[in-house]
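Novice: Attaching a predicted model along with its sequence, questions to come.
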Amino acid sequence: MADKTKVMIRRHTLVTRITHWLNVLAVSLLLMTGLQIFNAHPALYWGHASTFADPWLSMSKQEIGGEARGITRVGDATFDTTGVLGWSGKPGAREARGFPAWATVPSWRDLASGRRWHFFFAWLFVINGLVYWLWGLLGGHIRRDVLPTRAELSPRHILHEIGAHARLKFPKGEAARSYNVIQKATYLAMIVAVLPVMVLSGLSMSPGFNATVPGLIDLFGGRQGARSVHFISAGLIVAFVLVHVGLVVLSGFWNNMRSMITGRYAIEVEGGKA
Amino acid sequence: MTTNRRGWLGAAGASLAGLWLTACDKLANDPKVNGVLQKAEGWTMRAQRALTDRKALAREFSPADISPDFRANGTTRPDSYEYETLLAGNFADYRLAIGGLVERPLELSMAELRALPSRTQITRHDCVEGWSSIGKWKGARLGPLLDRAGLKPNARYIVFHCADSLELTLDGTGQYYESIDLIDAYHPQTILAYEMNDATLPVRHGAPIRLRVERQLGYKHAKYVMRIEAVERLDAVDANGQTVLGRGKGGYWPDRGYEWYAGI
């Protein structure tokens, strides 16, 4: 105990911190305005065109036994999601809508506003992402901090890390200086797969951009496929954010917040000053 | 971490979320904020125009891809005496007027329109709501028609005046109309469709004439086109300061907050 010293290290560079928080702003608004846009037609299909009688996912209001219920259909399964999906709002003032008012921007139904916000923040998201990518590749951040090392990729190490994560044992001391292999893999999956897929599936829904790059939409099997992939990737981002924020809180909330705001992160090292 | 502290964090998170939602709703109603957000429409249009060949085509599909359940949105039967009369006569008395900034104003009957250079295309119709349907369209190409009328040098936009009102208004701004610029007007796939899926264009899809402007969303594809007008500005005002065309944004839905450039 006596020979453990608290040392402040510089964890996140200014570019990482700025692009991170701009991304928080853009992704939050893109998600909530995206749900507003989704609500204009709360049903998803595969392929080029909508098969209205047979969406693979849909949210709707249905009368069951003389009572209005919110019904969500996924494939052949149906769920009663009254109050959240399909039929929501304060009792007495419920309305038929895919996602509830608290999940959309604006809270009321307004496709035009939803689109206006969505496309503005889509530009911010793309430019911010390009800055991060360019700086990360040229400046070495991605190679140095995000790409796992060969040693980290050994199955034994990965299993050990998964076990430690599951028991919420977080790296301490010297090991806390860098991202662990699970963090690296997750961040990498976000920045090279999920976020780019989000942009490409979004662009594939644009009839103008379809004429610009005609082959892109085939990656998703058509425009309705692109809309479905866009929705699913948004779900993956939500899942990532929930786990990410949860781990931020559990692994030292203030230390983590300080490091993403000021760049300074406290670690405990054995012995004297590091 | 203590339970106390966790509870505090939870409460702080919940109030932040509440603040966030209220702030977003407030900002969504602020004209200045909307002015800034609207700039993205210009960025998108300039970027798409810069990256896209003027004549780049929207994808065309095969007959097997045609949607059996092509949806009809907006007006499905114009509610006016004039339209009902034309419909009752099978549009024998219909005349498409082409005027505004043109050298030779035209009036064309359906027979004359059908005799014009035409194009047939199977394309995807993308509604702003998010759904798509595929249909086969045949119609007169707009470009050669405009050449026949002879656009004056100051003509910059082509406006389509329609037979239907989507909203009852005292000042007539509920009348449907749309407009496109000359790049889209002269695009090879831009047609005045009078046939859909090898049959006469049905009333619910815009009989007798519907615009097809394939690189933009559905609301640009004006149905029930009665008159075509070439103009220099979409936001022109008359002597009383009233906008001449709707509310001056170039279309029924653009007047109600939707993008005029609907390429995305």
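Specialist: That came in fine, so what should we check first? Numbers count the residues shown, from 1 in each chain, chains lettered A, B, ... in the order given.
Novice: Indicate the residue of the stretch 1-150 of chain A located nearest to chain B.
Specialist: Chain B sits closest to A:Ala112 of the stretch 1-150 of chain A, with a gap of 3.4 Å, by CB to the nearest CB. Bear in mind the C-beta positions are built from the backbone N, C-alpha and C, glycine included.
Novice: so where's the chain shaky on pLDDT?
Specialist: No chain in the question, so chain A it is. A:1-3, A:271-274 (pLDDT under 70).
Novice: wrong one, I was asking about chain B
Specialist: In chain B, residues with pLDDT under 70: B:1-3.
Novice: what about 80?
Specialist: Scanning chain B for pLDDT under 80 picks out B:1-6, B:9.
Novice: ok so, going back, now the residue of the stretch 1-150 of chain A closest to chain B: which helix or strand?
Specialist: helix A:111-138 (DSSP states H and E).
Novice: Following element in sequence after that helix, please.
Specialist: helix A:141.
Novice: by contact count, what packs against the helix or strand just after that following helix?
Specialist: Downstream of helix A:141, the first helix or strand assigned by DSSP H and E is helix A:155-166. In terms of contacts (3 or more CB pairs under 8 Å, 6 or more residues apart in numbering or on different chains; DSSP states H and E), helix A:155-166 is packed against helix A:181-189.
Novice: Please tell me how far the very next helix or strand once past the helix it packs on is from the chain's geometric centre.
Specialist: For helix A:181-189, the following helix or strand on the C-terminal side (DSSP H and E) is helix A:195-204. Helix A:195-204 has its C-alpha centroid displaced from the chain centroid by 13 Å (CA atoms, centre = their mean, to the nearest Å).
Novice: How far off centre is the helix holding A:Ala112?
Specialist: Counting by CA atoms, centre = their mean, helix A:111-138 is centred 14 Å from the centre of its parent chain.
Novice: so what's the residue of the stretch 1-150 of chain A closest to chain B up against?
Specialist: By CB atoms under 8 Å, 6 or more residues apart in numbering or on different chains, the contact set of A:Ala112 is B:253, B:256-258.
Novice: where's A:Gln183 relative to A:Glu152, distance?
Specialist: A:Gln183 sits 10 Å away from A:Glu152, going by CB to CB, to the nearest Å.
Novice: just A:Ala93 next, same as before
Specialist: 54 Å.
Novice: More neighbours: these two, which one.
Specialist: Between A:Ala93 and A:Glu152, A:Glu152 has the larger neighbour count (other CB atoms under 10 Å in any protein chain shown), namely 17 against 6.
Novice: give me the number of residues near the closest residue to chain B within chain A?
Specialist: Going by CB to the nearest CB, chain B is nearest to A:Gly208 of chain A, at 2.6 Å. With neighbours defined by other CB under 10 Å, the count for A:Gly208 comes to 25.
Novice: what helices or strands is the helix or strand containing A:Thr72 leaning on?
Specialist: Under the criterion of DSSP H and E, A:Thr72 resides in strand A:67-74. If contacts are counted by 3+ CB pairs under 8 Å, 6+ apart, strand A:67-74 sits against strand A:57-64, strand A:77-80, strand A:86-88.
Novice: Contacts for it next, please.
Specialist: By CB under 8 Å, 6+ apart, strand A:67-74 touches A:55-64, A:78-88, A:94, A:96.
Novice: which phi and psi does the closest residue to B:Leu201 other than its chain neighbours have?
Specialist: Using CB to CB, 6 or more residues apart in numbering or on different chains and skipping the chain neighbours, the partner closest in space to B:Leu201 is B:Ala207 (4.7 Å). Backbone torsions for B:Ala207, taken as degrees, to the nearest 10, come to phi -50, psi 140.
Novice: which residues touch the residue nearest to B:Ala28 when sequence neighbours are not counted?
Specialist: Sequence neighbours aside, A:Pro106 is the residue nearest to B:Ala28 in space, at 4.0 Å (criterion: CB to CB, 6+ apart). Counting by CB under 8 Å, 6+ apart, A:Pro106 makes contact with A:36, A:113-114, B:24-25, B:28-29.
Novice: Out of these, the closest to B:Thr123 would be?
Specialist: Of all those, A:Gly114 has the smallest distance to B:Thr123: 25.8 Å, by CB to CB.
Novice: how many neighbours does the closest residue to that closest one other than its chain neighbours have?
Specialist: Leaving aside its chain neighbours, A:Gly114 sits nearest to A:Gln36 (3.2 Å; criterion: CB to CB, 6+ apart). Per other CB under 10 Å, the neighbour tally for A:Gln36 reads 29.
Novice: Settle this for me: A:Phe52 is touching B:Pro68, isn't it.
Specialist: No. In this structure, A:Phe52 is not within contact of B:Pro68 by CB atoms under 8 Å, at 9.8 Å.
Novice: neighbour count winner among the two?
Specialist: Legend: neighbour count by other CB under 10 Å for A:Phe52 and B:Pro68, higher for A:Phe52 (17 against 11).
Novice: Now do the one helix or strand B:Glu229 maps to: distance to the chain's middle.
Specialist: B:Glu229 belongs to strand B:225-231 when assigned by DSSP H and E. Centroid separation for strand B:225-231 versus its chain: 13 Å, with CA atoms, centre = their mean.
Novice: how near is A:Met32 to A:Ala101?
Specialist: When A:Met32 is compared with A:Ala101 (using CB to CB), they lie 11 Å apart.
Novice: for B:Gly139, same thing?
Specialist: B:Gly139 sits at a distance of 42 Å from A:Ala101 (criterion: CB to CB).
Novice: between the two, who's got more neighbours?
Specialist: The neighbour comparison of B:Gly139 against A:Ala101 (other CB under 10 Å) goes to B:Gly139, with 24 against 18.
Novice: Make sure I have this right: that one is in a strand.
Specialist: Yes. Counting by DSSP: H, G, I helix; E, B strand; the rest coil, B:Gly139 is located in a strand.
Novice: partners of it in the sheet?
Specialist: For B:Gly139, the beta-bridge partners are B:Arg119, B:Ala193 (DSSP bridges).
Novice: B:Arg46 - how many residues pack around it?
Specialist: Close neighbours of B:Arg46, defined as other CB under 10 Å, add up to 11.
Novice: and if you look at B:Gln38?
Specialist: B:Gln38 - counted by other CB under 10 Å - has 14 other residues nearby.
Novice: so what's residue 96 bridging to?
Specialist: This is for chain A. Beta-bridge partners, per DSSP bridges, of A:Ala96: A:Trp87.
Novice: that's the other chain; I wanted chain B
Specialist: Under the criterion used (DSSP bridges), B:Leu96 bridges to B:Leu108.
Novice: Next, the buried residues of stretch A:114-126.
Specialist: By 16 or more other CB atoms under 10 Å in any protein chain shown, the buried positions in stretch A:114-126 come out as A:114-122, A:124-126.
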